Every structure is written in structure tokens, then in C-alpha cells.
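Q: need coordinates for the following:
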Amino acid sequence: MPPFQHPHSCPRQITVQELNQPSVTEFTLLGFASNPRTNPLLFTFFLVFYLLILVSNSLPITLIHQDTRLHTPMYFFTSVLPLLDMGHTTTTAPQMLVHILSKRRAISFARCVAQMYIFLLFEITESWLFTIMFMDRYVAICHPLRYKVIMSHWMCLLMVGICAAYGVVGGLSYTFFAMHFPYCGLNEIDHYFCEVPVVLKLACAVTCLNDLVDFITGFNVIVVPLSLIVLVYVNIFATIMKICSAQGQIKAFSTCTSHITVVTMFAILCIITYMSPGSDSLSNNGKKMALLYNIATAFLNPVIYSLRNKDVKNAFLKLM
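A: Here you go, the predicted model:
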């Protein structure tokens with residue numbers, strides 16, 4: 001998710017020596033503590049975890065594609081989410097694995113910018129996809145008779161296209177504002193990938209202007225989607241409460257539990273990381289939190305969304 005900058009971290013004293021140095025052409029990613037004894041173990045752990053992410057996210061895509069009973073709007077959106085999870089994890093994980101075993105952990109300026117942009121693209125698109133998925137549940141529960149008409153195939157493609165367009169434009173604009181500052185002197189990034197607020201710490205200029213950009217971007221990507229989700233969920237809950245039978249209420253509510261779980265986990269991690277007072281992306285806690293919202297959620301999302309779903313389980317047994 002696009003990060004917030006904090007006012008207390010805005011000004012940084014730039015020395016004359018830094019200003020006189022040439023522009024930075026590459027950055028050094030410090031990553032995690034380098035220890036020749038523990039690096040192979042750390043590499044193996046992250047490699048296995050990354051492979052599990054690829055497998056767990058590929059499985060629901062395959063099942064939904066193979067089983068015609070799962071060719072519905074809800075499962076269409078569910079199949080898009082693993083693509084985004086694999087995308088933003090692949091943007092950072094392979095490089096992290098190489099750097100764990102490498103003595104030289106350099107990344108060129110151009111590659112760093114590209115990594116920031118691609119990561120933002122996937123994260124922004126995913127944040128709005130969650131909103132679209134809640135809207136799909138709203139139509140299914142509140143307007144069941146018109147569901148197939150409203151959520152047509154072309155409408156689903158259009159909604160995903162809008163999410164992707166928002167990710168492209170949002171990621172491009174935010175990366176542009178982050179990289180228009182001069183970078184000179186300091187080039188060590190205390191992180192395992194080029195995350196925007198961490199790179200901004202190295203800018204040879206006062207980055208107060210980015211505080212406003214961060215706020216506007218974060219407002220559009222975190223606050224607005226969450227507000228829409230809450231609004232939609234209130235309408236869904238009101239409709240469910242009107243159902244006469246308790247069994248019907250439980251069945252209707254169960255279709256939303258996966259969405260609520262994933263969105264809550266995603267939102268809490270992003271808010272703690274970027275919006276809590278005194279948070280610092282340069283700290284070890286920042287790197288650990290980045291692992292949670294970048295890698296751990298990518299592994300848990302298909303488990304929560306798909307592998308706990310009865311229809312997906314039946315499709316898996318059928319495929320086997």
C-alpha cells in the first residue's frame with residue numbers, strides 16, 4: 001500500500017559534503033542481519049515460503065479455471081486476487097533471496113524506481129479490488145434476483161480494469177513525486193526492497209512536499225476504500241438482519257466472513273506500518289511489518305478465501 005510520511009521525520013540536515021557529491025546511481029539494500037552461519041538457513045526459510053506462496057495462489061486460479069461451476073463473478077474476483085498477491089511478492093522476494101547469499105547487495109537507481117512502481121501498482125490495485133469484492137457481495141445479498149444481470153461478465157472485467165487503471169496511475173504518480181528529488185551522498189537503504197518512505201529518507205532535499213502527497217495518496221488508497229467497504233457492509237448487515245430464518249442469516253453472513261477477515265488483516269497491518277504515530281520504516285520493526293503485509297498476507301489470502309471454501313474444496317477433489 002502507498003505509505004504515509006510522518007511530519008516529525010520530514011526535515012533532514014543535508015551536509016555540504018553530501019550536496020557536493022555526485023548523484024546516486026545505485027543503492028545498497030542492507031536487508032536483514034548478515035551472518036554467514038545463519039544466511040543459508042534464512043535463505044532456505046524464505047525460499048520455501050515463497051514457493052508455498054506461488055503454489056497456494058496458483059491452486060485456486062487453476063481450480064476456478066477448470067471447474068465450470070466456479071465461473072461466477074465472486075470466484076472471478078477471487079481468481080484475480082492471487083495474481084496480485086503473486087505479483088507484489090515476486091517483485092521483492094527473489095531479489096531478497098539473492099541478496100541474502102550475496103556479499104554485494106546493490107540495486108541500480110533505475111531498478112529501484114521500477115521496483116517501487118511495480119510494488120505500488122499491485123498494492124493499489126489490490127486495495128481497490130477488495131472494495132469491488134465487497135460490492136459483489138452487496139449485490140448478491142441485497143439484490144439477488146438481479147445479481148446475474150448487474151454482475152455480468154463485461155461488468156466484472158470493467159471493474160477489474162478500473163482497479164488496474166487506478167493502480168497504474170496511482171503508482172506512477174506517487175513514484176514520480178518520490179523520485180523527483182535529488183539523491184546524493186547516502187545510498188544505504190535499511191530494508192530488503194525499495195519502499196518509497198525508506199528511499200525518501202536518503203533524498204538530498206527536504207521532503208515536506210511529499211507529506212502532502214503521501215496524505216492524499218494514502219487517503220485515496222486506504223481511507224476511501226475502507227470507508228466504502230464499511231458503508232457497503234452496513235447495508236449488507238441491515239439486509240441480513242431482515243432475513244426471517246436464523247439459518248438464512250448465518251448462510252448469508254458466511255459469504256462475507258472471508259472478505260472481512262482478509263480486509264481487516266490487510267488494513268490493520270498497513271495502518272500500523274504507515275499511519276501509527278512514531279512509526280519508522282527504517283527500523284527492524286518496519287522490515288518485519290513489511291514481511292507481514294507483503295509475504296505473510298500473500299500466503300494467507302488463498303487459504304482464507306479459497307481453501308476454506310466448500311465449492312473450491314469440491315473442485316479440488318474433482319480435479320484430483
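Q: from here on, contacts and neighbour counts on C-alpha atoms
A: OK.
Q: burial of the closest residue to H153 other than its chain neighbours, as a residue count?
A: Of all residues not flanking H153 in the chain, P73 sits nearest, at 7.3 Å (CA to CA, 6 or more residues apart in numbering). Neighbour count for P73, taken as other CA atoms under 10 Å: 21.
Q: hmm, who's touching the helix or strand hosting N314?
A: If you go by DSSP states H and E, N314 is part of helix 310-319. Outside helix 310-319, the residues that touch it by CA atoms under 8 Å, 6 or more residues apart in numbering are 60, 63-64, 67, 70, 306-307.
Q: same question for stretch 146-166.
A: The contact list for stretch 146-166 (CA under 8 Å, 6+ apart) reads 73, 76-77, 121, 124-126, 128-129, 132, 136, 139-140.
Q: would you point out the most distant pair within the residues you listed?
A: Spanning the widest gap among the contacts of stretch 146-166 are L121 and A140, at 28.6 Å by CA to CA.
Q: show me which of those two is the more surrounded one.
A: L121 (27 against 21).
Q: and that one, what is it in contact with?
A: So L121 contacts 164, 167-168, 170-172 (CA under 8 Å, 6+ apart).
Q: could you rerun that using 10 Å?
A: Contacts for L121 (CA atoms under 10 Å, 6 or more residues apart in numbering) come out as 1-2, 84, 87-88, 115, 163-172, 175.
Q: that one belongs to a helix, doesn't it?
A: Yes - under DSSP: H, G, I helix; E, B strand; the rest coil, L121 falls within a helix.
Q: quick one, phi psi at the nearest residue to it once chain neighbours are set aside?
A: Of all residues not flanking L121 in the chain, G167 sits nearest, at 4.5 Å (CA to CA, 6+ apart). With angles defined as degrees, to the nearest 10, G167 sits at phi -70, psi -40.
Q: G167 against L84, yeah?
A: No - under the contact definition of CA atoms under 10 Å, G167 does not touch L84, with a separation of 11.0 Å.
Q: which one of the two is surrounded by more residues?
A: Neighbour totals were compared for G167 and L84, and G167 leads with 25 against 21 (other CA under 10 Å).
Q: and that one, what pLDDT?
A: Here the pLDDT value assigned to G167 is 90.
Q: list the contacts of it.
A: 117-128, 161, 173, 221 are the contacts of G167 under CA under 10 Å, 6+ apart.
Q: buried among the residues you listed? Need that as a selection in PyMOL.
A: Buried subset of the contacts of G167, written as a PyMOL selection, criterion 16 or more other CA atoms under 10 Å:
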select buried, resi 117+118+119+120+121+122+123+124+125+126+127+128+221
